[in-house]
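1. Got a sequence here, can you model it:
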Amino acid sequence: MTARAIDDQGAQTTSVAVAISVANNPAPVVSITSPSNGSSFIIGSVVALTANASDNGSVASVEFFVDGVSVGIDNASPYAASYTGVLGLHSVTARATDNLGAQTTSSAISLNIVSTILPYKIATAANSCSSSILCVPVVAVNPVSNVIGYDVVMLYDKTKVNPTGMVTVYGDLINSSYVDVANSIDTANGSISISLYFNGSAPANTTFTGAGNIFCVEFSKTSGFGASDTAGFSLPFIQESYFTGVLSQLSDPGQQISFPDSSFKAGLTFWLDNSPLRYDALNPSQYLISNINGNDATCSSLSAIAVQPDLGGSFEYNIHNGSSISISRDILGTSSVQSVINGFDAFLTRRVLINDRSFSPSVFQIIGMDVNLDGVVSAGDLSQINQRAVLLTPEFRQAWNYSSGGVSNGQPSKDWMFIDATTISTDLSFRISSTYPSNDGVGYSKGRVPQIPFCLEVPVSTTSGCSIIGQETYKGVLLGDVNGNFSTVGSGGTLRQNSANRVIFDLTKATLVDGYFEIPVSVVSNEEVNSLDFSMDFSSGNLEFNSVVDHSGYMQSLFNLNSDDKTLRFTSCSLQNYEMNKSLI
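-> Alright, predicted model coming up:
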């Protein structure tokens, strides 16, 4: 292309030539997605027509035609129209037009409008793309009677599925044990011929009777079956056998639809007894809530969307909300935890601290002892367990959210830690040190507590665009609850107690000293006792608390009169067994 300029004196100049090319505008791509080819509908039914269309530019419209007559046009995806069925066999096409006017007409599908519902159909089903095996059901839509056998030819899309040769007879119409199956596969033409007939165990008067699933034909997916794809199936031949002859029937086709799964199914259980960590959305105050949020691999992008477990402890999580999950189960700082975190937990922790070889804690117990989450069981953890038991502190001060001086970064501490069962069974750090109580550098000990990440990777692998999602169970550990008392806590936070253990406040032996009543406290038990905890309410208008005095000489104890709920809480433990029927404090 050139340009020439001429002035008023007739002088001329021609520009330098510029080469241009005019590209063809590729036509759009369009295909009908519903109904499937060969589908049948009752006369007068409103048939939904849908199509997919794409273009290198944009799709301006999709127009639908039945027997060459336009029945609707749609300018936006999803492209759809409707057609009120008229008796007979019809041809349906869709024509897509792009933004530059290029057009493409889809392949035609047939649509059969009948006066009644066809007696048989192939049931359409949707399955996760991770399923490599499909079973395509053949269904009797109308009730049958006196049928003594079936001969069927099923056509399938050989580019997407292959028959395995397995045909399963259902029990909807007959006792399936009475039926034998023969089949032959024509791979070249994508068909399988099937015969159902009675075996020697069938009584003489046996027949197929009623409506429902008759049998299903098993197929395996080929590499041509995409993660989001559809395979069509039809029955060009289905023949009923009777004592007096045979009768050919008609059947609607069906589809097997594949879709990428996004649902991760898992469960929360308590470590000691595998009881579910349940939640009831209809009664939110009945159980402590567990929130499962999505997160990324670096635990830096917490999703705002949370799911909760059901009454069985199970939950479903959408993997599109993050490749990892964070599980939180927080306890209000003003809540009393003494029924589950108390002197006996401190007693077990002391045994670990002194390298008591007669006590080998489970991995869950040693995790429960490390309340500050620094990877070591120390005297500092013991102090915090005692303080939390009597509500001297509303939460454990932890290494990740507190400074060495005890200043919080503003994020709440962890009350529960969760770890997947797979890691517990495969990670050597969750196995006890081979030289316990010494540290072998591999297994756990007081100097090497397994570190549990705050974000847990969802077990997902991707093959050919299909997400294959595993299942998992997460074990919950309540920090500070070393002996697993949580499993025995009933509604209202009370412990279930079957033994005859008693804590006695003996008012008959109370004495008045310097204006204060001293009330002796003793223990009665048919077992060894190494800890004593109690909480006491009293009328602050009539009484004033002074102190708790240790008369035992061997207890380590701590008490606190909480100013919020006006409750006195006491915790204690000893490596020496408590004396029975004797004033301890």
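2. Tell me where the chain is predicted with low confidence.
-> Applying pLDDT under 70 to the chain flags the ranges 7, 10, 16-23, 489-501.
3. all helices for it, in order.
-> Remark: helices of the chain, listed N- to C-terminal, are 343-353, 363-369, 379-389, 421-426; assignment by DSSP state H.
4. Which one, of these, ends up nearest to residue 170?
-> Checking those against residue 170 by Cβ to Cβ gives helix 421-426 as the closest, at 35.7 Å. For every residue, glycine as well, the C-beta is placed using N, CA and C.
5. helices or strands up against that closest one?
-> The contact analysis (3 or more Cβ pairs under 8 Å, 6 or more residues apart in numbering; DSSP states H and E) places helix 421-426 against strand 472-478.
6. contact partners of the strand it packs on?
-> With contacts defined as Cβ atoms under 8 Å, 6 or more residues apart in numbering, strand 472-478 is touched by 264, 266-271, 277, 290, 327, 329, 340-341, 364, 367-368, 415-422, 424, 456, 459, 486.
7. try 6 Å this time
-> In this structure, residues lying in contact with strand 472-478 by Cβ atoms under 6 Å, 6 or more residues apart in numbering are 266-268, 270-271, 277, 364, 367-368, 416-421, 459, 486.
8. just stretch 429-449 next, same as before
-> Applying Cβ under 6 Å, 6+ apart, the set of residues contacting stretch 429-449 is 352, 355, 363, 366, 370, 375-377, 424, 428, 450.
9. send the alpha carbons of that stretch over as PDB?
-> Coordinates of each C-alpha in stretch 429-449 appear next as PDB, following Å, rounded to 0.1, in the frame of the first residue of the first chain:
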ATOM      1  CA  SER A 429       9.100 -37.900  65.000                       C
ATOM      2  CA  PHE A 430       5.700 -39.100  66.300                       C
ATOM      3  CA  ARG A 431       7.300 -42.300  67.600                       C
ATOM      4  CA  ILE A 432       8.900 -42.400  71.000                       C
ATOM      5  CA  SER A 433      12.600 -42.000  71.200                       C
ATOM      6  CA  SER A 434      14.400 -45.400  71.100                       C
ATOM      7  CA  THR A 435      16.400 -44.200  74.100                       C
ATOM      8  CA  TYR A 436      13.600 -42.600  76.000                       C
ATOM      9  CA  PRO A 437      13.700 -40.600  78.300                       C
ATOM     10  CA  SER A 438      16.800 -39.600  76.500                       C
ATOM     11  CA  ASN A 439      16.600 -37.900  73.100                       C
ATOM     12  CA  ASP A 440      17.700 -40.100  70.100                       C
ATOM     13  CA  GLY A 441      17.400 -37.200  67.700                       C
ATOM     14  CA  VAL A 442      14.500 -38.900  65.800                       C
ATOM     15  CA  GLY A 443      11.600 -39.800  68.100                       C
ATOM     16  CA  TYR A 444       9.900 -37.700  70.700                       C
ATOM     17  CA  SER A 445      11.000 -37.000  74.200                       C
ATOM     18  CA  LYS A 446      10.700 -34.100  76.600                       C
ATOM     19  CA  GLY A 447      13.500 -32.300  74.600                       C
ATOM     20  CA  ARG A 448      12.000 -33.100  71.200                       C
ATOM     21  CA  VAL A 449       8.300 -32.600  71.000                       C
END
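10. Counting neighbours, which bits of it end up buried?
-> If you call a residue buried by 16 or more other Cβ atoms under 10 Å, then stretch 429-449 has these buried ones: 430-433, 436-437, 443-446, 448-449.
11. Need the helices of the chain in JSON lines (columns: mean neighbour count).
-> Conversion of the helices of the chain to JSON lines gives the following (neighbours: other Cβ atoms under 10 Å):
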{"stretch": "helix 343-353", "mean neighbour count": "23"}
{"stretch": "helix 363-369", "mean neighbour count": "25"}
{"stretch": "helix 379-389", "mean neighbour count": "22"}
{"stretch": "helix 421-426", "mean neighbour count": "14"}
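12. and residue 33, which of those helices is closest to it?
-> Using Cβ to Cβ as the criterion, the shortest distance between residue 33 and the helices of the chain is 39.4 Å, found for helix 421-426.
13. got the CA coordinates for the closest one in PDB?
-> Taking C-alpha atoms only, helix 421-426 is exported to PDB below (Å, rounded to 0.1, in the frame of the first residue of the first chain):
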ATOM      1  CA  ALA A 421      -3.500 -39.600  61.000                       C
ATOM      2  CA  THR A 422      -1.300 -40.200  58.000                       C
ATOM      3  CA  THR A 423       1.500 -38.100  59.500                       C
ATOM      4  CA  ILE A 424       1.100 -39.800  62.900                       C
ATOM      5  CA  SER A 425       1.600 -43.200  61.300                       C
ATOM      6  CA  THR A 426       4.400 -42.300  58.900                       C
END
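14. For that helix, give me every contacting residue.
-> 430, 473.
15. rerun at 7 Å
-> Outside helix 421-426, the residues within contact range by Cβ atoms under 7 Å, 6 or more residues apart in numbering are 430, 472-473, 475.
16. what number of residues lie near residue 93?
-> A count of neighbours around residue 93, defined by other Cβ atoms under 10 Å, yields 19.
17. where along the stretch 401-550 of the chain do the strands fall?
-> If you assign secondary structure with DSSP state E, counting those that start in this stretch, the strands in the stretch 401-550 of the chain sit at 416-420, 456-457, 460-463, 466-469, 472-478, 502-505, 511-513, 516-518, 521-524, 531-537.
18. quick one: which of those is nearest residue 179?
-> strand 466-469 (34.9 Å).
19. Give the pairing partners of the closest one; include direction for each.
-> Strand 466-469 has the following sheet partners, assigned by DSSP bridges: strand 460-463 (antiparallel).
20. could I have the partner strand exported to CSV, CA atoms only?
-> Taking Å, rounded to 0.1, in the frame of the first residue of the first chain, the C-alpha atoms of strand 460-463 are listed here in CSV:
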residue,chain,number,x,y,z
VAL,A,460,-4.8,-33.7,46.6
SER,A,461,-3.0,-34.9,43.5
THR,A,462,-3.7,-33.7,39.9
THR,A,463,-3.5,-35.9,36.8
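21. Can you list the buried residues in it?
-> Using 16+ other Cβ under 10 Å as the test for burial, strand 460-463 gives no buried residues.
22. And stretch 510-526, by the same measure?
-> Counting neighbours by 16+ other Cβ under 10 Å, one finds that the buried residues in stretch 510-526 are 518, 520-523.
23. Report the two of those residues separated the most.
-> Using Cβ to Cβ, these reach their maximum pairwise distance at 518 and 523, which is 17.3 Å.
24. Please pick the buried ones from the contacts of strand 472-478.
-> In the contacts of strand 472-478, burial by neighbour count holds for 266-268, 270-271, 277, 364, 367-368, 416-420, 486, counting by 16+ other Cβ under 10 Å.
25. wait, which of the strands of the stretch 401-550 of the chain is closest to residue 111?
-> strand 466-469 (31.7 Å).
26. Buried by neighbour count: which residues of the closest one qualify?
-> Judged by neighbour count using 16+ other Cβ under 10 Å, the buried positions of strand 466-469 are 466-469.
27. Now that we have those, can you turn them into a markdown table and tack on distance to residue 131?
-> Output for the buried residues of strand 466-469, formatted as a markdown table (distance: Cβ to Cβ, whole Å):
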| residue | distance to residue 131 |
| --- | --- |
| 466 | 10 |
| 467 | 12 |
| 468 | 10 |
| 469 | 12 |
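28. gap between stretch 515-524 and the chain center?
-> Taking Cα atoms, centre = their mean, to the nearest Å, one finds stretch 515-524 lying 53 Å from the centre of the chain it belongs to.
29. Ok, stretch 280-290 next?
-> In terms of Cα atoms, centre = their mean, the centre of stretch 280-290 is set 18 Å apart from its chain centre.
30. Residue 123: which of the buried ones among the contacts of strand 472-478 is nearest?
-> Residue 123 lies nearest to residue 266 out of those, by Cβ to Cβ, at 30.2 Å.
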